[in-house]
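1. Here is my input; please provide its structure:
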Amino acid sequence: MELATLRFVESLLSALAVGLLLLPRLIEEDGKRFEKPIAVAAVLRVLFGFGLIVATARNIIPTQRPLDWPTLAQFVSGTVIGRAWLATQLLAAAFAAVALLRLFVRNRWLDRATLALGLAAVAVVSVTGHAVDDSLPIYTQLSFPFHTLAGLTWVGGLLGLVYWMLTGRDKPPEVAWRIAERWSRVAKGAMLVVLLSGLVIAWETVGLFGFMLATPYGRLLTLKLALLCGALLLALSLARYLTLPHSKKRFDVAWYARIGGYEAGCAVSLLFLAGWIATITPAAHETNVYWPLPFRFTYAGTWGLKVIPWLDPTWNWGVAGLALATVAALAWFVPRLRRWRVMATPVVAGAALVCGLVSVSVQAYPETYTDPPVPYVAASVKRGYETFQANCVACHGVTGEGNGPMAKGLKVPPADLTAPHVATHTLGDIFHWLTYGGQSGVMPPFADAIGEDERWDLINYLTVLSNSNQSRFLSPKGVIQWLVAPNFAIDDPKGEIVDVEKLRGTPTLVSFARCKAEDADFAEKTASLATAAETAAATKAHHVTVYFGACPADPRAYPTSHPDAVELTYSIINHYLDEPVINEIPEGHFLIDRSGYVRARFRHFGAEDGNVSLLKAQIALTASEPIVYVSPHQH
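-> Coordinates of the predicted model:
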């Protein structure tokens, strides 16, 4: 909280100074009465900046280590955040110096230079927060200073406007109206930049929409948005007042200052939340996830299931919402009903909105948006498979299709875990059911029988298993990006590559084979494997081999560290239509694109089957596609 408060005060002082500099320039006023407050704010900004770096260092350096001057100097010079603070402090010091100089020198160019330095000082406030994260895309890093510049200019301008109104009541009404009208234009532009840059930042820092309520960062951001909405509504009333015919001649300074003060109050509260948000973990990286509502909204889990419409409550609620929306529109537009529209339209439209939201809502739990602590890797999938075989096959069957020996005696059939509906649930939902029992009450809780990490291993297995039905349609012709390739460790002779994820950025061919010299197809299989290696090398794709038995060793390929786990994991994906399910892959080749998605599958490379040409075409296609972020846990 101390760090958040210091960031808030520092930002508020910078914003106030900029606002008092900007407002008089809108009407070419000399602004002399604001010179001392501007200088005081600029100097205090520098002083509070020293407090900020001390608090930041204390927040990062272990408490058992004393924070003396040598340690602080090392922190400032030896860390990214320390060097960023030093740069912002030097800029703030330059701003304070010219603000003090203005007390003794009257010069228009000096005024302009002071304003430019002030705007630069508020723009770089963000670089000591999350903007210092160089793992973010460049467009997100650039969005932070624009967001800060526009937001603090808006806050400072509001404070300056209220200050001007309170200290300028002797000014003519036309002058007060003019400064309010010109500030309104600046504020609209600033808010547009705030909204656009805020969307870009939220896209990277929040991750999932559900994290807006499921994480501390998201809840603060939601409160920030609520305050922003309040401020915009007040701004709308001020903008509307300026359009009234009598406002210019009889400008009500007291009323405008009061409403502007309310808007400034929302803005200052919003600024405090922004300072707090900058000091905590972004929602996308948060592990403390707790969903507070008993429901969540999802299209995939409601309308996307493609059930028989008239038998599903989702359809009924949707139809009711559409009918109510039609009634609300009629009440508004039909002449005979217009006398009731002031009351009827909002009430009926609200009921339509509620019905619409109910139609896309499903049950949720505190763990719904929990991000699995166990990585999505082949070793975890193998452990999950073993847990499944030990605890779940009696009901769900060996292959997870809901056909186990106990299934017929249950009042509610066990779920088919290979069906598409599994992917409509979050992984947190599945974890809740494994822990406390299923929705129907038939599946018992497994909290006592299966450890927490084992449950997450089981969920990683179910993630792959739920894709097995659709993966049967994988072919050499390629598919859209939907199946995230399970990660696994590989052995790199150079020691540079540790797992398959490190190969992203270039298409990767993963080849599986079991070879016996006595088999009749041994020569054909070895020729196929050689063709796969040659094609991968010729197209500059990575090649990973998972070979058993007498398969040829390819010096250009990356072998896997745990071949049994990798083969078992990919055998779940390797199901073909109308063929029995086995946990071995006699021969198979999976093409993983630059982003980490399985895109194509080849059974064999023969002389006449055309698969080599198809492989080359798919590698060329995926090599030209942009890289997208892969989150295997957004199930």
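2. Mind giving me the packing neighbours of the helix or strand encompassing residue 381?
-> Assigned by DSSP states H and E, residue 381 belongs to helix 378-391. Contacts defined by 3 or more Cβ pairs under 8 Å, 6 or more residues apart in numbering; DSSP states H and E place helix 378-391 against helix 452-465, helix 563-573. Any C-beta I mention is one placed from the backbone N, CA and C, and that applies to glycine too.
3. so can I have TSV of those helices showing mean pLDDT, distance to residue 425 and mean neighbour count?
-> Output for the helices and strands packed on helix 378-391, formatted as TSV (pLDDT from 0 to 100; distance: least, Cβ to Cβ, whole Å; neighbours: other Cβ atoms under 10 Å):
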stretch	mean pLDDT	distance to residue 425	mean neighbour count
helix 452-465	94	10	23
helix 563-573	95	18	22
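4. Quick one: closest of those helices to residue 478.
-> Relative to residue 478, the nearest member of the helices and strands packed on helix 378-391 by Cβ to Cβ is helix 563-573, separated by 14.7 Å.
5. any idea what residue 106 is structurally, helix, strand or coil?
-> Following DSSP: H, G, I helix; E, B strand; the rest coil, we place residue 106 in the coil state.
6. List the buried residues for the helix holding residue 381?
-> 378-385, 387-388, 391 (16 or more other Cβ atoms under 10 Å).
7. Just give me the closest of the residues you listed to residue 99.
-> residue 380 (58.4 Å).
8. give me every residue that touches that closest one.
-> By Cβ atoms under 8 Å, 6 or more residues apart in numbering, the contact set of residue 380 is 374, 456-457, 460-461.
9. Switch those over to CSV; also include distance to residue 357.
-> Converted to CSV, those look like this (distance: Cβ to Cβ, whole Å):
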residue, distance to residue 357
374, 33
456, 31
457, 35
460, 32
461, 34
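10. Mind picking the two most distant members of those?
-> Checking the contacts of residue 380 with Cβ to Cβ, the most distant pair is 374 and 461, at 10.8 Å.
11. so how far is stretch 102-121 from its chain's centroid?
-> 40 Å (Cα atoms, centre = their mean, to the nearest Å).
12. what's the domain layout of this structure?
-> 2-285, 295-363, 378-466, 473-624 (automatic domain parsing).
13. For residue 370, find the nearest of those.
-> Using Cβ to Cβ, the nearest of the domains of the chain to residue 370 is domain 378-466, at 4.1 Å.
14. what's the offset of the closest one from the middle of its chain?
-> 28 Å.
15. That domain spans what distance, first to last residue?
-> 15 Å (Cα to Cα, to the nearest Å).
16. Begin at 879 from now on, thanks
-> With 879 as the first residue, the last one maps to domain 1256-1344.
17. which of the residues in whichever helix in the chain runs longest are buried?
-> Counting residues, the longest helix found in the chain (DSSP state H) is helix 1051-1083. Of all the residues in helix 1051-1083, those buried under the rule 16+ other Cβ under 10 Å are 1054-1059, 1061, 1064-1065, 1068-1069, 1071-1072, 1075-1076, 1078-1080, 1082-1083.
18. Helix or strand next in line after it, which one?
-> helix 1089-1092.
19. how about the nearest residue to the residue nearest the centre of the chain, chain neighbours excluded?
-> For the chain, the residue nearest the mean C-alpha position is residue 1085 (1.6 Å; Cα atoms, centre = their mean). Ranked by Cβ to Cβ, 6 or more residues apart in numbering and with sequence neighbours excluded, the top spatial neighbour of residue 1085 is residue 1162, at 3.3 Å.
20. now residue 1293
-> That would be residue 1280: by Cβ to Cβ, 6+ apart, it lies 5.8 Å from residue 1293.
21. now the strands: where do they sit in the stretch 1229-1378 of the chain?
-> Along the stretch 1229-1378 of the chain, the stretches classed as strands by DSSP state E, counting those that start in this stretch are 1239-1241, 1361-1362.
22. Go through those and pick out the most buried.
-> Among the strands of the stretch 1229-1378 of the chain, ranked by average contacts under mean count of other Cβ atoms under 10 Å, first place goes to strand 1361-1362 (a mean of 21).
23. Who are the packing partners of that strand?
-> strand 1475-1480.
24. The strand it packs on: what's the following helix or strand?
-> helix 1489-1502.
25. Tell me which residues are up against that next one.
-> Taking Cβ under 8 Å, 6+ apart as the rule, helix 1489-1502 contacts 1354-1356, 1384-1385, 1387, 1409-1410, 1413-1414, 1416-1419, 1467, 1469, 1471-1472, 1477-1478, 1480, 1482-1483.
26. go on, stretch 1373-1387?
-> By Cβ under 8 Å, 6+ apart, the surrounding residues in contact with stretch 1373-1387 are 1255, 1363, 1365-1368, 1370, 1388, 1410, 1413-1414, 1417-1422, 1436, 1467-1474, 1493, 1496-1497, 1500-1501, 1505, 1508.
27. how about the helices and strands packed on helix 1256-1269 in CSV, adding distance to residue 1212?
-> Formatted as CSV, the entries for the helices and strands packed on helix 1256-1269 read as follows, by distance: least, Cβ to Cβ, whole Å:
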stretch, distance to residue 1212
helix 1330-1343, 52
helix 1441-1451, 57
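28. wait, which of those helices is closest to residue 1293?
-> helix 1330-1343 (10.2 Å).
29. That closest one versus helix 1256-1269: what angle between them?
-> Calculated by axes from the mean of the first three to the mean of the last three Cα atoms, to 10 degrees, helix 1330-1343 forms an angle of 100 degrees with helix 1256-1269.
30. excluding its backbone neighbours, what's nearest residue 1279?
-> Nearest one to residue 1279, counting by Cβ to Cβ, 6+ apart, is residue 1294 at 5.1 Å.
31. The one you found against residue 1277, yeah?
-> No. Taking contacts as Cβ atoms under 8 Å, residue 1294 lies outside contact range of residue 1277: 9.6 Å.
32. Low-confidence stretches in this protein?
-> Applying pLDDT under 70 to the chain flags residues 879, 1006-1013, 1184-1189, 1507-1513.
33. ok, back up a step: count of neighbours near the residue nearest to residue 1293?
-> 17 (other Cβ atoms under 10 Å).
34. cool, the one 5 residues further on as well?
-> When neighbours are counted by other Cβ under 10 Å, residue 1285 registers 15.
35. if I pick the nearest residue to it once chain neighbours are set aside, what's in contact with it?
-> The shortest distance from residue 1285 to any non-neighbouring residue, by Cβ to Cβ, 6+ apart, is to residue 1292 (5.2 Å). By Cβ under 8 Å, 6+ apart, the contact set of residue 1292 is 1273-1275, 1280, 1282, 1285, 1320-1321.
36. that older thread, okay if I get the strands of the stretch 1229-1378 of the chain as JSON lines plus distance to residue 990?
-> Output for these, formatted as JSON lines (distance: least, Cβ to Cβ, whole Å):
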{"stretch": "strand 1239-1241", "distance to residue 990": "55"}
{"stretch": "strand 1361-1362", "distance to residue 990": "54"}
